[in-house]
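1. Sharing a model prediction with you, sequence too.
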Amino acid sequence: MSKTMPGLVNYAPEHGSVELREVPVPEIGEQDVLLKVQAVSVCGSDLHQWHGTHSWKVNYPCILGHEFCGTIEQAGKRVKNFKEGDRVVSETAAVIDEFSPYTRRGLYNLDPNRLGFGYGVNGAMTHYARVPERCLHAMPALLTFEKAALTEPCCVAYNAVCMNAHLRPGDSVLVIGPGPIGLLCALMAKLNGAGHLMVSGLPVDAGRLAVAKQLGADVTLDGGVVEHVKNLGDGYGVDVVIDAAGVSATFQMAMQVVRPAGQIIKVGWGPQPLGFNLDPMVQKAVTVQGSFSHNWPIWERVIQMIATGQINLDLIISRVAGLPDWNNCFERMQSGEYVKAVLNPNL
């Protein structure tokens, strides 16, 4: 094996500071595996780091990529449950404090000391990645690498909609933002029994809103959301609003359209100050719930749902490409032409 390999490196906080570089093949510890990456999907957070618009700390230089799967090339001496050649998908919590009270409760995704692949430690947009055994899940035999690479965003959506929202069959649901997470949240809402399902975006999101319709949205909107909701049902608003836009201003619209005693689930990141008051949230006694990441039982369930086709990703994966085509994939995801691009380092 060569001692170096190409890797897509985010090397500085400035806009455009991402490039393919020769990087060393990682060395593994006794409880790690050396994973030969077979597929890694592009996340909106990768685009934010590419543009320098992210709101989290990055340990530069860092190889991007946290939605990934592959085959085990080498297993450390103390790895117990996996062996060379196994097909596996990896969680994102690369570093956690095992003694944290959150880790002990199974909520290691909320451990303040958590570091993730692709920003805290080197990620998987390369040929080989160092992965702790505790991050690994076995892949069902019929599950393709391309679909397995989307387990992570599916887990984000499952946690937001099926765990953190109290969504009951028949509830009216509005998803704000038709990016990959928003579309997957819409899919989860439909699976969870949503009655009238709406997905809103901007005129530039026409392609993704069309995908939302194919995924089961009853209505898609590129404007006029408040007016539409006023004419819906009894006119009091939407039972559940899922804000997946990643822009702080959309929270104001969420407060306008949610019904009294309704719920707002905030899953999109947005570093901008709010610039408006929260009195409608108080007046309506709205439940506002943040949702971040996922944990082991969610992964086990979602992997099976993808493998059986209950979560259908055919409309979500827009392109599979090699690492040299990363820039084109990033640009087309940024423009909304692609929902999700998946990179295969072996192409």
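-> Everything's here; your move.
2. Can I get stretch 187-207 in CSV, CA atoms only?
-> C-alpha atoms of stretch 187-207 as CSV (Å, rounded to 0.1, in the frame of the first residue of the first chain):
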residue,chain,number,x,y,z
LEU,A,187,-40.0,11.6,3.7
MET,A,188,-39.8,10.7,7.4
ALA,A,189,-42.9,12.8,8.2
LYS,A,190,-44.8,10.9,5.5
LEU,A,191,-43.6,7.6,6.9
ASN,A,192,-44.7,8.8,10.4
GLY,A,193,-48.2,9.4,9.3
ALA,A,194,-48.3,13.1,8.4
GLY,A,195,-51.7,14.2,7.0
HIS,A,196,-51.3,17.3,4.9
LEU,A,197,-47.5,17.6,4.1
MET,A,198,-46.1,20.8,2.8
VAL,A,199,-42.5,21.6,1.7
SER,A,200,-41.5,25.2,1.1
GLY,A,201,-38.5,26.8,-0.5
LEU,A,202,-37.5,29.5,-2.9
PRO,A,203,-38.1,29.8,-6.7
VAL,A,204,-34.5,28.6,-7.3
ASP,A,205,-35.5,25.4,-5.5
ALA,A,206,-37.9,24.3,-8.3
GLY,A,207,-36.0,21.0,-9.0
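3. For that stretch, buried residues please.
-> By 16 or more other Cβ atoms under 10 Å, the buried positions in stretch 187-207 come out as 187-192, 194, 196-201, 205. From N, CA and C alone the C-beta is placed, and that goes for glycine too.
4. now stretch 94-101
-> 94, 96, 100.
5. from these, which ones fall inside strands?
-> In strands, judged by DSSP state E, the following of the buried residues of stretch 94-101 are found: Ala94.
6. can you put the buried residues of stretch 94-101 in JSON lines and add pLDDT and distance to His137?
-> Shown next, in JSON lines, are these (pLDDT from 0 to 100; distance: Cβ to Cβ, whole Å):
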{"residue": "Ala94", "pLDDT": "97", "distance to His137": "15"}
{"residue": "Ile96", "pLDDT": "96", "distance to His137": "16"}
{"residue": "Ser100", "pLDDT": "95", "distance to His137": "21"}
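7. and of the buried residues of stretch 94-101, the nearest to Phe292?
-> Ranked by distance to Phe292 (Cβ to Cβ), those are led by Ile96 at 13.9 Å.
8. From what I see, the closest one and Asp111 are in contact.
-> Yes. Assessed by Cβ atoms under 8 Å, Ile96 is found in contact with Asp111 at 5.1 Å.
9. Quick check: neighbours shared by those two?
-> Jointly contacting Ile96 and Asp111 under the rule Cβ atoms under 8 Å, 6 or more residues apart in numbering are Thr103.
10. Is Asp314 within a helix or a strand, and which one?
-> Using DSSP states H and E, Asp314 sits in no helix or strand.
11. Relative to the whole chain's centre, how far out is stretch 152-163?
-> 8 Å (Cα atoms, centre = their mean, to the nearest Å).
12. just checking, which of the buried residues of stretch 187-207 belong to strands?
-> Counting by DSSP E, the buried residues of stretch 187-207 place 197-200 in strands.
13. Dump these into CSV; add distance to Ala157 and pLDDT as well.
-> Shown next, in CSV, are these (distance: Cβ to Cβ, whole Å; pLDDT from 0 to 100):
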residue, distance to Ala157, pLDDT
Leu197, 14, 98
Met198, 16, 98
Val199, 13, 98
Ser200, 17, 98
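14. what's the neighbour count on Met2?
-> That one is not Met; residue 2 is Ser. By other Cβ atoms under 10 Å, the residues close to Ser2 number 9.
15. Let me know the pLDDT of it.
-> Looking at Ser2, its pLDDT is 80.
16. I'd assumed Val25 was in contact with it.
-> Yes. Ser2 is within contact range of Val25, at 6.9 Å (criterion: Cβ under 8 Å).
17. rewinding a little: closest one to Leu8 out of the buried residues of stretch 187-207, please.
-> Checking those against Leu8 by Cβ to Cβ gives Asp205 as the nearest, at 26.1 Å.
18. Against Ala217, how distant is the nearest residue to the closest one once chain neighbours are set aside?
-> What sits nearest to Asp205 in space, not counting adjacent residues and going by Cβ to Cβ, 6 or more residues apart in numbering, is Pro178, at 5.0 Å. Using Cβ to Cβ, to the nearest Å, Pro178 is found at 9 Å from Ala217.
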